[in-house]
Each structure stands twice: as C-alpha cells, then as structure tokens.
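[1] please work out how this folds:
(2 chains)
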Amino acid sequence: MLALDRKLVRDMGRLWAQVLAVAMVMACGVATLVLAIGASRSLDLTRDAFYDRYRFGSVFAQATRAPDMLEMRLSSISGVSAVETRIVRGVLLDIAGMVEPASAFAISIPDHREARVNRLYLRKGRLPEPGVMQEVAVVETFAAAHRFELGDKFSAILNGRKIGLSITGIVLSPEYVYAIGPGDMVPDQKRFGVFFMSEDALGGIFDMRGSFNDLSLTTTRGANISQIIEAVDDLLKPYGGTGAFDREDQISNAFLDAELDQLWAMAAVIPPIFLFVSAFLVNMILSRLVALEREQIGLLKAVGYSDFAVGLHYAKMVVIISVVGILIGSIAGYWLGAGLTRLYADFFSFPFLLFEHSVDLYLLASFVTVLAGLFGAIRSIRSVVSLPPAVAMRPPAPENYRESTLRRLFNLSGISQRTRMGIRHMVQKPLRSLMTTVGTSMSVALLVTALFSFDSIDYMIDIIFFQSDRQDATLTFTDDLPRSALTSVAAFPGILSAQPFRSVLAILSRNQEDVRALISGVPDDASLSRILDVHMQPMPPPSHGLVISERLAGKLRVRPGDVVEIELTEYNRRRAEVVVSALAESFVGLRAYMAMDALDRLTRQGNRLSGVNVSVDPDAMEDLYRSIKETPAIASIALQNLSRSKFRETIEQNIITMTSVYVALAVIITFGVIYNASRIQFSERARELASLRVMGFTRREVVLVLLIEVAVIVVLSQPLGWFLGWGFAKLVVAGFESDLFKVPLIIKPSTYAISSLVVILAASVSAILVWRRVARLDMVRALKTKE
Amino acid sequence: MQNQGFRVKQIAMSRSQKKIFAIRELTKIYGSGETEVRALDGVDVDIFEGEMLVLLGPSGSGKSTFLNIVGGIDQASSGHVKFRQLNLADLGQRQLTRYRRENVGFVFQFYNLIPSLSALENVALVTEVAKNPMKPMDALEMVSLTDRAHHFPAELSGGEQQRVAIARAIAKRPDVLLCDEPTGALDSATGIIVLSAISRINEELGTTTAIITHNASIRRIANRVVYFHDGRIAEIVENADRLRPEDVSW
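    Residues are numbered from 1 along each chain as shown, chains lettered A, B, ... in the order given. Coordinates of the predicted model:
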C-alpha cells in the first residue's frame, strides 16, 4: 500500500464518526432513490406483465342491453383487435356469519372458450362449468377476507332470487387489481367482492341470454383510442350505451396510476434533498480537514508529490465515504423495497410481483451519490491543488474578523462577550451557517411532510363523514325507482330518517374538455348527505343550474356563471346547457350537484330515485340488514361507520409505515448536520475554548459558547423548516391529486411542534456527544501549539 | 513610553517577604513504565508576594510544567503547591477552575486572543465574570493600547496582541501573573515593549509575576532567577542590580 493511501485509511479511521454521519445521509439518498424508482419500476413491470398476459382491455363500455350480434360490428372497428361482451350486475350477498350485507359484481365468462379480453388468472381450482348456475369463481381478495376455500358456499340475491353459490375457483383479474366497491372510499375486501359465472347461467338468471350490458376491447398497437371510443358510442347508443372510456377512467387502473405518480413524485423530491445535504457535509468536513492538514499538504508537495496526486488523495476520501453510503443505502433500499412490495401485495391484487433489481438503478444511485460528494469537495480539492508548498508550510493568517463590517452589522450591546463570540463566529462564515441552517431545516421539513398526513386525514374524515355524508348508510337500487320507493325504505325496521338521491352519469364539456362525472340530484331538505361549499359550509341544492366541485371546475376551466354542456350517458344521451351556479368542495371523485327536480326534468323520465340515504337506530341494524337482504331492488348498501373505520385503518396503516421511515430519515439528517457542524466548530475553536478554560471559565460556560451557535442555527432552522415542510406537503398533496381523490392540505400547529421537537432532540443528542469532547479538552496542549 | 518614571528601586520595594506559594516535593510524571517521563522531579521553592521571577532552563527542563501546575491548569503527580492557605493538590476540577478564575492570570507565547472579539471585548470577557475587576479600558490603558481598543486581533501586530493578552490577564486583578514565553514570538523591540507592560503591572499592582523564557538576557529584570534542569531546580539566583526592560537587549 502506498504511504499516501495508508494515511488515507488512518484518517478515515480517526474521523470515523463524521465519515459515518455523512455516509448515512448519502445512504438515505441512495435508499430512497432505489426504493422509489425500484418500486415504481417493479409496479409498472408487474402491471404491464399482468395486463399483457391476461389481455387487459383498452376501452370499456356499458349499455342497458345490447344484442350479441353487435359484437361483429364492434370487432370491425378499425384498430380493434379483440372484443369481449358480457353481463355484469351488481348484486347483494348473504354470507353465513356476516350480519351486514355485502355486495358484489356478478360477471359472466364465456362458455366453451377462453375470454378474448380480461382473462382470469386461476390461482386455485377451476372455472365454473358452462350453464351451471350454482358455480362461481371468486376474486382472491374476497376469498381471503372470508377465508373461503374451494367448495365453500355463500348466497347471492340474483334478480330477486336467493341462490346458493359454490366456489370452484379462486381467481385474479386485471380489471380488479384494486377492487373497490361502488361508493366506497377504500377497498373493503370483506364487504365487496367480484365473482364470475357461466355466461349462459348468468344470462338465464337475468334474462339476458343473447345480449350483453358490458364490453371491453383490446386495440392494435398505435390505434386511435378516441376514434374507437366514438365508434363504440355510436354503436351502443341505441342500446342505452353510457359512454365508452379508456384505461384512464378504469377505476382499478386509475388507482395504480395514482400510486405510480406518487412514487415518481417521491423519487423526484426526497433523494435530491439527501444528495444536497451530503454534498454540503462533504464540503464542510473536507474544508476543515484541508485547513488542518495545510502543512502536510505543503510537505507532500515539497517532497515531490504532484498537485494531482495530492488532490486525488482527498478525492479518494470522498469516494470512500460515498462508497460506504452507497453500500448502506443499497442494502437499506433493497430491504425497504421488499417491504414496500409486501405492502403492495396487501394493497393490490397481482398474481405475481416482479420486483426489479436492475443493476442500472444501483449504478445510477452510485453515480449521483459520488457526483454529489465530489461536487461538495470541489472547493477544497481545488484549494489543495492550487496551494503552493511554500505558502502551505506557513501557518494561515488569523481569522479575519474586521472592525467595519462585523460591528456595523452586529453592534450587539448588552450581551455577554461569550454570546458575542458565538454569534460572530456564526456570522463570520455566513455561507456555512446558512447551509447548516438549511440542512437542519430539511429535517424539520421532512417531518412536517410525513406527519401532516394525519392532520389531513383527520380533516377529511371530519368533513366527509361528519359534515357532508352524515347518513349511517346509503342504499343503492339496482335500477332507478319511482319516488314511492322512499316510503318503502322508510318503512324498513330501524330507519330514523330517509332522504332520496338520484345519480346520473354524464359527460360535462367546456373549453374542449370532456369529463365524465356523476351528477347527484339532491332534495331541497337534504340534511344527511349535504353539499359543502368551498368554505366547507353546507349549502342547499341550487335553485337553478349546477354546482360542481372545485376540481371538476378546474378540469373544465369554468367559473360560476359559465355555461357547461351536459351529455347524459343514459336517457337517449340527452344534451343540455347548464349554468354553473356555484362551486362545491369534494375530496372524492369528480362531483356535480343539481336540485333533484331539475335533474328529473333533465332526464325526462319523471321523478325517480337511484337510492336512499338513511339514518338508522343502531340497535335495529340487524333487522335492517335482514330486510335489505330480502329486497332484490337494493343493489348495495354502503355503511358509513364501516367505511370510516376501514378508511382510517387502511390509510393510517400506510401512513404509519411511511412516517416511521421519514422520522428515521429526518433524525439521520439532523444528526449528520448538527454532529458534523459541532465537531468542526469544536475543532476550529479548540484553542479559543481552551483559553476560556484557562481564564477560569467552567466547562459549562465553555460548552455554552459552543452551543450558542448550534442553538441559534437550530432555532433559525425551525421556521424555515416549517415553511419548506409546508411547501413539500403542498407538493405531496398536488402529487396525490387525481380524478379519484384530493387530499386537503391541513397542517396543525401540533405537527409543526412535534417536528421541531424531534429535530431539537436529535440536535441535542449530537451536541451532547461534542460536549463530552469539551470536557476532555486538554488545555495545555491546545494552547501551546500553533493553530 | 508607558514605563516613564520607572524605577528599579520601586520594584525592589514592592517585594515583601510574605509567601504566596509554598511548593514542596513537586513531582509530575507523564506516562508509565518504560515511557515514563519525570517532567518535575521533587521541586521545592517559595514564591513571595509581589516578586518577579524569571524561570530559565533548556527545553524539557520542567519550567512549563511547573508554571502549569502553579497556575492550576495541570495537576501534580505528587508533592504540594500551597497557595496561601489553599493546597492545590486537594482541589477538584471545579475548584481549580475557580482558583484560576479568581487568582491567576495567564499569558502565552501565541497570545490566544479570541479572534471574534475586539481588544476591548477580549478584556471584557474576563471582567464580566471577575469579582473585583478593573474597567476593561483601564486594563488596556496599563498596556498603552486604548487607541486600539476597538480593533480585532487580526488587525493588531504581534506585540499589540500580546499586550491585549496581558491586559486581559490582569484586568481581574489576579494575585499571580504567569507568562509562558511571552516574547517568544516577537522581535526584540516588540519584546521589550511587552516586558515593560508586564513590569509595570508588577510594579503598580504588586502582582506576583513569573516569566518563562529561553532568553537569558531577560533574567536581568527579575528579582530572582530560577534555573531548571532535568525537572529539578538547579539554582536560584537573587538579582542584585535589576535592569529596566528597556535597558535589556538581545
């Protein structure tokens, strides 16, 4: 080993704590990069493989009832490669041991051939026999939630008849990777399922033989999707077509898209923070080391080492730190990636999970990390290279504190000289102090970013469940019913109050934007499910025109007073122009509201109901469930209480995992920054501190001189961290926002406080480690040597 | 110059026969076994109030170790240092700190000023925590530096920096002023100015003063000269005819 390399190894050994602190920050950057990009690639890969192998559709459409022979004409649309038509029905389930009713989609599968589109992955058993009414295959999530095995039975109310069904197979479908029930905010695998039955059998039950009400099609490469959608709409129009849509509007796929977007947002925001902080730390450590080794550098050059060789010596050090960081980070990233994959396995239903560990990702992470390290080292290495040996052998000029600038800026009166020392030392190196402050504020910001989600979720829950949708349950009818249905529902046991609603799916257009949205007809006296204005205050349904949610207005680029065109997806695709009368807030879905009577006039179908919102006497729940299970006209029941707890449970489970990761990351940053800053400060000022000790200042008083600077930096970094955290949270919220949902940006004061507390604690621990060095300070040695 | 009216006689008069330090069998051992170094090996000496001592001896002879122990920044391995009624060997870290704070002023070769504080502020650093300090400006007056009071160390010459260090050391009116090679980094003209400042303090405040030096010429300004050799005191010489610092040349 070369003598210079031996010096390197010993230097690293001596500075191990600082080296490790920087390496850990780098490791966080590597880990988060590997995690986010790795996970998004894996998710993408898994999804593509599943979609491709199981022929996931590109275009989807529903109709009331279309003849099978239409399939020929659909297949001949240019760009269409395969069409599958089928029967899909929402049904209520009756499962032994489960009091509340569950709902499901009953979906037909072709007899005597494999499906051309949306094939099923058979996990266990076999598909139902053609024509056999009692056999079904169920999706895996539903089976798992009920611990169903092959041969187990449950009942469903199919077209008014309670039919016992036996499970022959457990399957996964590319359409239900994320299986969420209608009206639910998060998946509830127990209360919502999907099962598949022979086309002949299901057609028989629903009197749909020879016709279909649902289709998916795949397209050839490069096909024009919007033309295909138009052609499908034209063909389905006479049969009650509700408007074809592409993958973007397919619920399960849209959720996957949203997840991928979030991962990319994470990859774009988090790793750069760590790379930035590590570059800064390298800069800090190396410039101090070079200052200390000034004479050694001069000596090396004097005995004949080239500028390059000496520069390389310090560059190697940075590379070694980076390598340590890359190693730790890669292992952590791999491990966290596996964790996230397991989380996906719970969340998304894939037959297989392909976790990609491509070498290029690790290479990329290594490359940017080394680059960030060297970037941080540039200044020091340049000064090493350009230092003439003769100059290097002379001690550096004393710290240049000057009368003019300093005193003018900081003419501090009434404070002790020791406080003055601390503050002036900080002001003397403004860039370094600023960077240390920014670095520390990053930890605060990360914590705010991690913790604010709890506040936002609390707020969402309050708004959705206690301000807006205050009903205990929502009953949805299989088909629209006349208003008299309300009286029947009100007569169910336990119903305290019942309020009807009507939902009509429509395409809203304006400014060349088309958006599919549900228009809800709201009765004038609605007190259960209420419209909230943008200030979260309940508002009555509009006396005229349409109230639309802010996000919908954003998509359409309209403001109150503007006119939007409505095309109903049913009712002869009736069109109308309606004035936007006000904006409303809605976190879930793209919503629009009208007065119920106005919506009735728009459909020209008379007064009809899609369902009823009810409040229920909690003691009478079981009786109500029993009645509902016996009522074929009810397609589903959404239970607010269960939704709320499920919502909280699902979201909090994810947030808690993420939060613990973020807290760890924030602590590592704080530690890396504060520990290094204090160590370097200590090194620079050892002489000063020893002087103070000799003058008779106690250890405590001396440490305080050192801590003033750290304390001021930590204090200053709090408001900056809050501000940055607010900004990051805003980015996160923007990243989350999709057609499916929007998360409000709510940050409680307690979140800021907790974030600051964690950082202050971590900073204190780092400071205590340095404190111990002050206690061991050797006065004699510190004072007798030249700097 | 600051030493106008300086009289050798006055220095002699300021010296009493009252002991301020009684030092017995003072031993300091660094390391152990084969690497054992006896920095001090049984030193006995008394120091009297108000006197000026010069400590001479080759490198490694134990002068600095002696001064550090007397000043309470190092502790003896064995033996006694009695400061008035106080036995320094009995003191813990906390009490030693208090001893330094209340009784001792130090001056080192490399000044050790706080670079972020101006001359005046460096002095104020000490007066802020002392029991009966001078006004910082008065301390600077004693070393004739009032006109440089608001300058930072980087703006002062070596001699000026050392005079600030002296002002800082004596501003709390210490009982003893310990100077470890105060002129070691200075040219002779500047060195003389610094020594004059020290002498003036010794004379006007009656501060017991000990100066370590490598420069034998300086011995002429002392009441007594203590010669160190191999961790022991080889000889103590009384100075019959002391010189004023400005009359010393080297």
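[2] ok, which residues in chain B are in contact with chain A?
    Selection of chain B residues close to chain A by CB under 8 Å from any CB of the partner chain yields B:64, B:68, B:71, B:73-74, B:93-94, B:97-102, B:104, B:106, B:108-110, B:112-118, B:121-122, B:124-126, B:128-129, B:150-155, B:168, B:180. C-betas here are computed from N, CA, C, even on glycine.
[3] and with 6 Å instead?
    Counting by CB under 6 Å from any CB of the partner chain, chain B comes close to chain A at B:68, B:73-74, B:97, B:100-101, B:106, B:108, B:112, B:114-117, B:121, B:124-126, B:128, B:152-154.
[4] inside strands: which ones of the residues you listed?
    B:Phe106 (DSSP state E).
[5] okay, now the unreliable bits of chain A?
    A:1, A:183, A:357, A:393-399, A:402-413, A:784-787 (pLDDT under 70).
[6] centre-most residue in it?
    A:Gln262 (4.6 Å; CA atoms, centre = their mean).
[7] where along chain B do the helices fall?
    Ranges of helices within chain B are B:8-14, B:63-70, B:93-103, B:119-127, B:136-142, B:158-170, B:188-205, based on DSSP state H.
[8] same question for the stretch 651-787 of chain A.
    When assigned using DSSP state H, counting those that start in this stretch, the helices of the stretch 651-787 of chain A occupy the ranges A:699-736, A:749-775, A:779-784.
[9] wait, what's in contact with residue 208?
    You didn't pick a chain, so chain A it is. By CB atoms under 6 Å, 6 or more residues apart in numbering or on different chains, the contact list for A:Met208 reads A:Ile87.
[10] looking at chain B here, not the other one
    Contacts of B:Thr208 by CB under 6 Å, 6+ apart are B:Ile20, B:Glu49, B:Gly50, B:Val176.
[11] tell me the residue of the stretch 51-200 of chain A that sits nearest chain B?
    Residue nearest to chain B within the stretch 51-200 of chain A: A:Val186 (58.3 Å; CB to the nearest CB).
[12] the closest residue to that residue other than its chain neighbours: what secondary structure?
    In space, A:Val186 comes closest to A:Thr650 once its chain neighbours are excluded; the distance is 4.4 Å by CB to CB, 6 or more residues apart in numbering or on different chains. Of the three states, A:Thr650 takes helix under DSSP: H, G, I helix; E, B strand; the rest coil.
[13] surely A:Thr650 touches A:Met185?
    No. Judged on CB atoms under 6 Å, A:Thr650 makes no contact with A:Met185 at a distance of 9.0 Å.
[14] buried residues in the top strand by length along chain A, which are they?
    Ranked by number of residues, the top strand in chain A under DSSP E is strand A:495-510. Using 16 or more other CB atoms under 10 Å in any protein chain shown as the test for burial, strand A:495-510 gives A:495, A:498-504, A:506-510.
[15] just the C-alphas of it, formatted as PDB.
    Extracted in PDB, the C-alpha atoms of strand A:495-510 (Å, rounded to 0.1, in the frame of the first residue of the first chain):
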ATOM      1  CA  ILE A 495     -84.900   3.700   9.800                       C
ATOM      2  CA  LEU A 496     -85.000   7.100  11.700                       C
ATOM      3  CA  SER A 497     -84.900   9.200   8.600                       C
ATOM      4  CA  ALA A 498     -84.600   8.600   4.900                       C
ATOM      5  CA  GLN A 499     -83.700  11.000   2.100                       C
ATOM      6  CA  PRO A 500     -83.600  10.100  -1.500                       C
ATOM      7  CA  PHE A 501     -81.000  10.900  -4.100                       C
ATOM      8  CA  ARG A 502     -80.600  10.500  -7.800                       C
ATOM      9  CA  SER A 503     -77.300   9.900  -9.600                       C
ATOM     10  CA  VAL A 504     -76.900  10.300 -13.300                       C
ATOM     11  CA  LEU A 505     -73.600   9.700 -15.100                       C
ATOM     12  CA  ALA A 506     -72.900  12.500 -17.600                       C
ATOM     13  CA  ILE A 507     -70.200  13.900 -19.700                       C
ATOM     14  CA  LEU A 508     -69.600  17.600 -18.900                       C
ATOM     15  CA  SER A 509     -67.900  19.600 -21.700                       C
ATOM     16  CA  ARG A 510     -66.500  23.000 -21.900                       C
END
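[16] in its sheet, what does it sit against?
    strand A:513-522 (antiparallel), strand A:563-568 (antiparallel), strand A:608-616 (antiparallel) (DSSP bridges).
[17] and these: which comes nearest A:Ser660?
    Nearest of the strands paired with strand A:495-510 to A:Ser660, taken as CB to CB: strand A:513-522 at 37.4 Å.
[18] would you list every one of the helices in the stretch 101-250 of chain A?
    A:140-145, A:199-205, A:225-236.
[19] could you dump the ones you listed into TSV and include mean neighbour count?
    Putting these into TSV (neighbours: other CB atoms under 10 Å in any protein chain shown) gives the following:
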stretch	mean neighbour count
helix A:140-145	21
helix A:199-205	22
helix A:225-236	18
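[20] adding distance to A:Ala690, write these out as a markdown table.
    Output for the helices of the stretch 101-250 of chain A, formatted as a markdown table (distance: least, CB to CB, whole Å):
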| stretch | distance to A:Ala690 |
| --- | --- |
| helix A:140-145 | 68 |
| helix A:199-205 | 88 |
| helix A:225-236 | 75 |
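[21] would you format these as JSON lines with distance to chain B included?
    As requested, the helices of the stretch 101-250 of chain A are exported to JSON lines (distance: least, CB to the nearest CB, whole Å):
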{"stretch": "helix A:140-145", "distance to chain B": "66"}
{"stretch": "helix A:199-205", "distance to chain B": "85"}
{"stretch": "helix A:225-236", "distance to chain B": "69"}
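[22] ok and the residue in chain B nearest chain A?
    Counting by CB to the nearest CB, chain B gets nearest to chain A through B:Arg101 (2.5 Å).
[23] could you check how many residues crowd around that residue?
    Other residues near B:Arg101 come to 21 when the count uses other CB atoms under 10 Å in any protein chain shown.
[24] contacts only, for A:Val139.
    The contact partners of A:Val139, taken as CB under 6 Å, 6+ apart, are A:Tyr176, A:Val194.
[25] which residues does it form a beta bridge with?
    A:Val171.
[26] list the beta-bridge partners for the residue positioned nearest the centre of chain B.
    Centroid-nearest residue in chain B: B:Leu178, 1.8 Å away (criterion: CA atoms, centre = their mean). Note on B:Leu178: beta-bridge partners by DSSP bridges are B:Phe106, B:Ala210.
[27] residues touching it, list them.
    Taking CB under 6 Å, 6+ apart as the test, what B:Leu178 contacts is B:Leu67, B:Gly71, B:Phe106, B:Ala210.
[28] likewise A:Ile531?
    Contacts were defined as CB under 6 Å, 6+ apart; by that measure A:Ile531 touches A:Met539, A:Val547, A:Ala584, A:Tyr593.
[29] among these, which are located in strands?
    A:Met539, A:Val547, A:Ala584, A:Tyr593.
[30] can you pull the contacts of the second one?
    So the one you mean is A:Val547. Contacts of A:Val547 by CB under 6 Å, 6+ apart are A:Ile531, A:Ala582, A:Ala584, A:Tyr593.
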